[in-house]
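Colleague: No letters, just coordinates:
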């Protein structure tokens, strides 16, 4: 049975600093700059909570039992489908519930899925699925061109014909260790210099998407104080074999598609973000759905 963990402000600070996420929602000194902010203080990062889910699942009794039956090498991709139902603030107690996994198959291949629910003080914060998959569960949209050498393009630049934005980041071991600590994970289980072991958690490269989205927003003149956006959902998929091969200082080029309206909800917008380390072979693909804060506070 997983024990609960109590989030502190230092956990939020460490997550911010290790991912370069400068969103005011997480800033202990400037959270109140946000117009009509209903959260009354800094909140945990979405990807920080995702890392908590990832690393906690690896420690659950149910996961240990299932590993005896599940050949994870048969599933080259790891996927998360997360819907945000609330926020976490300093002092909240986190608890993760994970259901027994189920096998399924669709036209693209096989999947193995666990339903999950993350609660803060017994209230739902994130609900969704963690999946092992034979295929990439997030398709590349037509807006992201396949014939661009992103490594040769300037950081923080737009691709003129597609409108895609490029943010260049680096896989830094020290930042990954701090990010793990922010999510209550034991960093030595992933990164240990004495054993010459570097195993980046899946959520670490994915977490750098937040920085890319924020820098894109600034580049197009979006006012992050008057018109802040919050996460509605994440659909994430990462290539586990490529992730396992990454070393410190590897270059990560994050390509952010132009925003599109979400069908059936004109207030929500969606970006597909693709991380490239090896040219034209995505390390990850992420569909990020955002919602204006004003739409939920009636401003």
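Modeller: Looks like it came in fine. Keep in mind it's a predicted model, so treat the numbers as computed, not measured.
Colleague: Which parts of the stretch 51-200 of the chain are strands?
Modeller: In the stretch 51-200 of the chain, the segments counted as strands under DSSP state E, counting those that start in this stretch are 77-84, 93-98, 102-106, 109-120, 123-133, 157-158, 165-171, 191-192, 197-198.
Colleague: so after the last one, what's the next helix or strand?
Modeller: Stepping forward along the backbone from strand 197-198, the first helix or strand reached (DSSP states H and E) is helix 203-207.
Colleague: Identify the residues contacting that next one?
Modeller: Applying C-beta atoms under 8 Å, 6 or more residues apart in numbering, the contact partners of helix 203-207 are 15, 19, 21, 45, 47-48, 50-51, 54, 171, 175-176, 179-180, 183, 236, 238, 243, 246, 252, 275, 283-284, 286. Every C-beta, even on glycine, is put in place using the N, C-alpha and C of the backbone.
Colleague: and with 7 Å instead?
Modeller: The contact list for helix 203-207, computed with C-beta atoms under 7 Å, 6 or more residues apart in numbering, reads 19, 47, 50-51, 54, 171, 176, 179, 236, 238, 252, 275, 283-284, 286.
Colleague: before we move on, back to that, wait, which of the strands of the stretch 51-200 of the chain is closest to residue 256?
Modeller: Smallest distance to residue 256 across the strands of the stretch 51-200 of the chain (C-beta to C-beta): 4.4 Å, for strand 165-171.
Colleague: In that closest one, which residues are buried?
Modeller: Across strand 165-171, burial judged by 16 or more other C-beta atoms under 10 Å covers 165-169, 171.
Colleague: What is the nearest of the residues you listed to residue 229?
Modeller: residue 165 (15.2 Å).
Colleague: isn't that closest one right up against residue 218?
Modeller: No: the pair residue 165 / residue 218 is not scored as a contact, 10.5 Å apart, by C-beta atoms under 7 Å.
Colleague: Now do the contacts for the nearest residue to residue 112 once chain neighbours are set aside.
Modeller: Nearest-residue entry for residue 112: residue 132, 4.4 Å, with adjacent residues in sequence omitted and distances by C-beta to C-beta, 6 or more residues apart in numbering. Counting by C-beta under 7 Å, 6+ apart, residue 132 touches 72, 75, 78, 111-112.
Colleague: Show me the beta-bridge partners of residue 132.
Modeller: residue 78, residue 112 (DSSP bridges).
Colleague: ok, now how distant is it from residue 9?
Modeller: 35 Å (C-beta to C-beta, to the nearest Å).
Colleague: again with residue 261
Modeller: Separation of residue 261 from residue 9 (C-beta to C-beta): 36 Å.
Colleague: same thing with residue 152?
Modeller: For residue 152, the distance to residue 9 - C-beta to C-beta - is 41 Å.
Colleague: Between the two, which is the more surrounded one?
Modeller: Taking neighbours as other C-beta atoms under 10 Å, residue 152 and residue 9 compare with residue 9 leading, 13 against 8.
Colleague: Leaving out sequence neighbours, find the closest residue to that one.
Modeller: Excluding its sequence neighbours, the residue lying closest to residue 9 (C-beta to C-beta, 6+ apart) is residue 90, at 4.3 Å.
Colleague: quick one: pLDDT of the one you found?
Modeller: Looking at residue 90, its pLDDT is 97.
Colleague: Residue 144 now?
Modeller: pLDDT at residue 144 comes out at 94.
Colleague: oh, and call the first residue 475 from now on, that's how I've got it
Modeller: Yes, from this point I'll number from 475; that puts the last item at residue 618.
Colleague: you'd agree it is up against residue 748?
Modeller: Yes: if you go by C-beta under 7 Å, residue 618 and residue 748 touch, sitting 5.9 Å apart.
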